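*Asks:* Here is my input, please return the structure:
(one chain, ligands or ions: 1)
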Amino acid sequence: MVGLGVMGRNVLLNMLDHGYSTAGLDTDAAKVSALMDEAKSQGAGATTDPNAFVAMLRKPRAIMLLVPAGAPVDAVVRELLPLLSQGDLLIDAGNSHFTDTDRRYKALAGKNIHFFGMGVSGGESGARHGPSIMPGGPKEAYERVRPILEAIAAKVGGEPCVTYLGPGSAGHYVKMVHNGIEYALMQLISETYDLMKRGIGLSNEELGDVYDGWNNGELSSFLIEITSQIFRHMDDKTGKPLVDLILDVARQKGTGQWTSQDALELKVPTPTIDIAVTMRDLSGRETARQTASKVLQGAQPKGDLPPDAVKKIQNAFHAAMIISYAQGMAQLQAASKAYSYNLNMDAIARIWRGGCIIRAALLEDIRTAHKSNPELPDLMVNPQLASRLNALQADLRTIVRVGVENGIPVAGHMACLTYFDAYRSEWMPFNLIQAQRDFFGAHTYERIDQKGVFHTQWSDT
Ligand code: 6PG
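*Replies:* A predicted model of the protein is given here:
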């Protein structure tokens, strides 16, 4: 393991727990000695010296990197490369951009070094006790590390939350979209919080109970579970609810933004992921928001929504959750074709059921939907999910309207509803856009009654 920060150290300890001998490398001597103090008796070795590290490994070597994405990965690869032998395997387990992974994969293949891009989800505790693991790269090299990865991964119904996903950057692409969905779900949950706090006037304690209740039903998921815990957590220093002491700004390391950027490249609509990124950016303009709150006027939440609004918010979120996964899965299907990943959608849903941040009961239904129809164009048209959406959509509509009427931004829910409504529109007003483009730019248009492309002289001037 290269990189003995929280994630690297925890994955290494997880491997030790499963009886694998390991070695660690880090430039920080304090991290090396901390690991040795904890794990030497279990057979772990650790060092700050790359030569000593490589000498500890059995050939063909398997080296996992858990270092920050970007330049640090290239730096580690550069440093290790002269010390490696043909057939060795490097696994980049950080959140690298998939195009970097493709570049490294190709460069190293020329030197007969296998390179894996591998998503690892589940945060600190997942890394320690069972993450969801998303590997991509040369299949033959996967077989060498498969037993270790299966041992350390989370298990659901005895099945490990890891599988070989595809060649090249397939693993990092799947992890990137996982994070895009993560952004969408977090945005939606924050909107339900706003609706219940400022719209209905629920206290933190009541919010904790509501999310707890949701977690015990169809919405059961890691993000809802931690949300209920967050509302019950008191600050050690002040004794006040900690959530109220946290600045209302969400930053990002970029994976959600990458998801949106590539969705645009692939021409896959992912409006909920896009808006989730945008809303984080908007939250970051805190000074501007303070000023604007005194200048711009409009509806204000009065905390007078009826308590039965909670059930409608729950249903709206439920619909939006399905629609968000649908967008992410559609992006994966498009990427699979465009980048020749040959992704197995039902396997992806399977390995997301445990260990990862977006694990949710719903993934069992998503898995079944993809399994029953591998060519499913969009999750929303799977018969079971469609009938669920048809039953829930009225409450999604109501909640978007309530948000609008009360000045509560519900951009994520709105994006989901718009995606749903547009997707089910037999007719959309884009004949007009074709006409406009042809009018001002002679871009031509297609007709419903004849094949081919046409141009009209729309005016005399
Ligand atoms: C995971 C998380 C993890 C990380 C996110 C945070 O799957 O375990 O997604 O990878 O916590 O990258 O992302 P932001 O800092 O961009 O919110």
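
*Asks:* If you count neighbours, what's buried in stretch 37-56?
*Replies:* Taking 16 or more other CB atoms under 10 Å as the neighbour-count basis, stretch 37-56 is seen to contain the buried residues 39, 44, 45, 46, 47, 48, 50, 53, 54, 56. Where you see a C-beta, it was placed from the backbone N, CA and C, and this is true even at glycine.

*Asks:* Quick one: list the elements packing against the longest strand belonging to the chain.
*Replies:* For the chain, the longest strand by residue count, based on DSSP state E, is strand 114-121. When contacts are defined as 3 or more CB pairs under 8 Å, 6 or more residues apart in numbering; DSSP states H and E, strand 114-121 sits against strand 89-92, helix 98-109, strand 132-136, helix 139-152, helix 170-194.

*Asks:* Include mean pLDDT and mean neighbour count when you put these into CSV, please.
*Replies:* As requested, the helices and strands packed on strand 114-121 are exported to CSV (pLDDT from 0 to 100; neighbours: other CB atoms under 10 Å):
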stretch, mean pLDDT, mean neighbour count
strand 89-92, 98, 25
helix 98-109, 96, 18
strand 132-136, 98, 28
helix 139-152, 95, 17
helix 170-194, 98, 26
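
*Asks:* I'd like the distance between residue 194 and residue 283.
*Replies:* Applying CB to CB, to the nearest Å, one obtains 12 Å for the distance of residue 194 from residue 283.

*Asks:* Repeat that for residue 358.
*Replies:* 21 Å.

*Asks:* Looking at these two, which one has more neighbours?
*Replies:* Neighbour tally, residue 358 and residue 283, criterion other CB atoms under 10 Å: the higher count belongs to residue 358, 27 against 15.

*Asks:* contacts for the strand or helix carrying residue 402?
*Replies:* With the criterion set as DSSP states H and E, the secondary-structure element containing residue 402 is helix 383-406. For helix 383-406, the surrounding residues in contact (CB atoms under 8 Å, 6 or more residues apart in numbering) are 191, 195, 198-199, 299-302, 305, 309, 311-313, 315-316, 318-320, 322-323, 326, 365-366, 368-369, 379-380, 408-410, 413-414, 416-417, 420.

*Asks:* what angle sits between that helix and helix 170-194?
*Replies:* Direction vectors for helix 383-406 and helix 170-194, defined by axes from the mean of the first three to the mean of the last three CA atoms, to 10 degrees, enclose an angle of 50 degrees.

*Asks:* Just the CA coordinates for helix 383-406, please, in PDB.
*Replies:* Once non-C-alpha atoms are left out, helix 383-406 reads as follows in PDB (Å, rounded to 0.1, in the frame of the first residue of the first chain):
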ATOM      1  CA  PRO A 383     -42.500  -1.700 -15.200                       C
ATOM      2  CA  GLN A 384     -42.000  -2.000 -11.400                       C
ATOM      3  CA  LEU A 385     -40.200   1.400 -11.000                       C
ATOM      4  CA  ALA A 386     -42.600   3.000 -13.500                       C
ATOM      5  CA  SER A 387     -45.600   2.100 -11.400                       C
ATOM      6  CA  ARG A 388     -43.800   3.300  -8.300                       C
ATOM      7  CA  LEU A 389     -43.100   6.600 -10.000                       C
ATOM      8  CA  ASN A 390     -46.600   6.900 -11.400                       C
ATOM      9  CA  ALA A 391     -47.900   6.600  -7.800                       C
ATOM     10  CA  LEU A 392     -45.400   9.000  -6.300                       C
ATOM     11  CA  GLN A 393     -45.300  11.700  -9.000                       C
ATOM     12  CA  ALA A 394     -48.300  13.700  -7.800                       C
ATOM     13  CA  ASP A 395     -46.500  14.300  -4.400                       C
ATOM     14  CA  LEU A 396     -43.300  15.200  -6.200                       C
ATOM     15  CA  ARG A 397     -45.300  17.800  -8.200                       C
ATOM     16  CA  THR A 398     -47.000  19.100  -4.900                       C
ATOM     17  CA  ILE A 399     -43.600  19.400  -3.100                       C
ATOM     18  CA  VAL A 400     -42.000  21.300  -6.000                       C
ATOM     19  CA  ARG A 401     -45.100  23.700  -6.000                       C
ATOM     20  CA  VAL A 402     -44.800  24.100  -2.200                       C
ATOM     21  CA  GLY A 403     -41.200  24.900  -2.500                       C
ATOM     22  CA  VAL A 404     -41.800  27.500  -5.200                       C
ATOM     23  CA  GLU A 405     -44.700  29.100  -3.300                       C
ATOM     24  CA  ASN A 406     -42.700  29.300  -0.100                       C
END
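
*Asks:* so who does residue 141 touch?
*Replies:* The contact partners of residue 141, taken as CB under 8 Å, 6+ apart, are 89, 114, 116.

*Asks:* With residue 303 instead?
*Replies:* The contact partners of residue 303, taken as CB under 8 Å, 6+ apart, are 198, 199, 200, 201.

*Asks:* Among these, which one has the most neighbours?
*Replies:* Of the contacts of residue 303, residue 199 is surrounded by the most neighbours, 26 neighbours in total, counting by other CB under 10 Å.

*Asks:* hang on, the earlier thing: need the helices and strands packed on strand 114-121 in TSV with distance to the ligand, can you?
*Replies:* Output for the helices and strands packed on strand 114-121, formatted as TSV (distance: least, CB to the nearest ligand atom, whole Å):
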stretch	distance to the ligand
strand 89-92	13
helix 98-109	14
strand 132-136	8
helix 139-152	15
helix 170-194	5
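
*Asks:* Any idea what whichever residue of the chain sits closest to the ligand is bridged to?
*Replies:* With CB to the nearest ligand atom, the shortest gap between the chain and the ligand falls at residue 121, namely 3.1 Å. Note on residue 121: beta-bridge partners residue 132, judged by DSSP bridges.

*Asks:* and it, how many neighbours does it have?
*Replies:* Neighbourhood size, residue 121 [other CB under 10 Å]: 26.

*Asks:* Name the nearest residue to residue 259, sequence neighbours excluded.
*Replies:* Closest residue to residue 259 apart from its sequence neighbours, by CB to CB, 6 or more residues apart in numbering: residue 180 at 2.9 Å.

*Asks:* any idea how far that neighbour lies from residue 261?
*Replies:* For residue 180, the distance to residue 261 (CB to CB) stands at 10 Å.
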